[in-house]
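S.K.: this one's sequence-less:
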């Protein structure tokens, strides 16, 4: 990681966290986490890791937390549930960390939640959104993202406003995609739209030709796709082009720059959920973007912002509690209402997010533009045919 010289702009960001500049002493506060640095979720996990690390650097620049530096101890879970469980079990059994933060995604969060609950450790989950995780009586788990069932809501809402009626919903057979797809299908039915089919497919699928044939035969106008693996979105788009099958609107449960970088012009007009975008009026967002780009040489995704914002929440809860006592942190988080770099945070008694609804973007002229909700839109949605069809 490249070290940066603190600037007035950067210091204003960390002061906004509620920190005070004080002398550093004692050993650092060690915050343990697993993150998907390799494997199927690496596209999301690497920027999330970097968001954690950037937050720690900024906190320490401003004087630390409770008079100490913070240090993230991050282990690669390889996008595997068994590895993630082993990481948290080892950290907590050996007592090598003072606190923990969550891994990437609903599948891994669901896997490690029993471990952190058993040890009575607060886990702020930066990038898990499936409601069922918070419906099992857990006491120490906190959601930051909008609920998964809302991840494709923007697509359905825009399609309904545009007068489209025939919807297909497909999902990778994993915890989060199933929930996101179910939410989209339920919303479409509530709007009086026709759900032509609602299908799941096994993780690791590379051939989507059978589903594409169903899309064509069903005269589908709106295609909603939920997946944890970026390759699924790319493969489906390429195969739809190869088979010359198109829809009026195609939206995914996660918009990342790698989608457009890989597909180029074929990404045009595709929609995607983004829980955060640069330029939103969140306090410290512009400074965060500048610092992230200076440090990592690329623009931050919503995964990076989600991890950074989650770190901000931990710091604020500890500052208010005046300690790292886990029950005190839990009580502060339950009461906390805060605007982070990532956006608004508030939870109910389950630790379930109630303040964040997310955004929908569309790829236009090679760039992401916010098209939903209307009050945050930076451009109007475009409804042309895909670029591989003759105009």
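M.R.: Cool, the structure landed. Remember, it's a predicted structure, so these values are computed and weren't measured experimentally.

S.K.: after the strand or helix carrying residue 333 comes which helix or strand?
M.R.: Secondary structure assignment for residue 333, by DSSP states H and E: helix 326-335. Sequence-wise, the next helix or strand downstream of helix 326-335 (DSSP H and E) is strand 338-340.

S.K.: Would you confirm that residue 363 contacts residue 261?
M.R.: No: Residue 363 lies out of contact with residue 261 (Cβ atoms under 8 Å); the separation is 10.9 Å. The C-beta positions use only the backbone N, C-alpha and C, and glycine is treated the same way.

S.K.: ok, back up a step: buried residues, the helix holding residue 333. List them.
M.R.: 326, 328, 329, 330, 332, 333, 334 (16 or more other Cβ atoms under 10 Å).

S.K.: so which of the residues you listed comes closest to residue 203?
M.R.: Closest approach to residue 203 among the buried residues of helix 326-335 (Cβ to Cβ): residue 333, at 32.1 Å.

S.K.: helix/strand/coil for the residue nearest to residue 155 when sequence neighbours are not counted?
M.R.: The shortest distance from residue 155 to any non-neighbouring residue, by Cβ to Cβ, 6 or more residues apart in numbering, is to residue 251 (3.5 Å). At residue 251 the chain is in strand, as set by DSSP: H, G, I helix; E, B strand; the rest coil.

S.K.: so how many other residues sit close to residue 251?
M.R.: 28 (other Cβ atoms under 10 Å).

S.K.: Could you pull up the residues touching it?
M.R.: 152, 154, 155, 222, 223, 224, 225, 270, 271, 272, 273, 360 (Cβ atoms under 8 Å, 6 or more residues apart in numbering).

S.K.: Give the other helices and strands that the helix holding residue 333 contacts.
M.R.: helix 302-321 (3 or more Cβ pairs under 8 Å, 6 or more residues apart in numbering; DSSP states H and E).

S.K.: ok, back up a step: can I get the contacts of residue 251 in CSV with distance to residue 74, secondary structure and neighbour count?
M.R.: Formatted as CSV, those follow (distance: Cβ to Cβ, whole Å; DSSP: H, G, I helix; E, B strand; the rest coil; neighbours: other Cβ atoms under 10 Å):
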residue, distance to residue 74, secondary structure, neighbour count
152, 30, coil, 32
154, 32, helix, 26
155, 33, helix, 29
222, 39, strand, 29
223, 36, strand, 28
224, 33, strand, 32
225, 30, strand, 29
270, 32, coil, 23
271, 32, strand, 25
272, 27, strand, 26
273, 25, strand, 27
360, 30, strand, 25
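
S.K.: quick check, nearest of the residues you listed to residue 100?
M.R.: residue 273 (26.6 Å).

S.K.: Nearest residue to that closest one in space, please, no chain neighbours.
M.R.: residue 151 (4.7 Å).

S.K.: wait, doesn't that neighbour sit right on residue 359?
M.R.: No: using Cβ under 8 Å, residue 151 is not in contact with residue 359, being 10.7 Å away.
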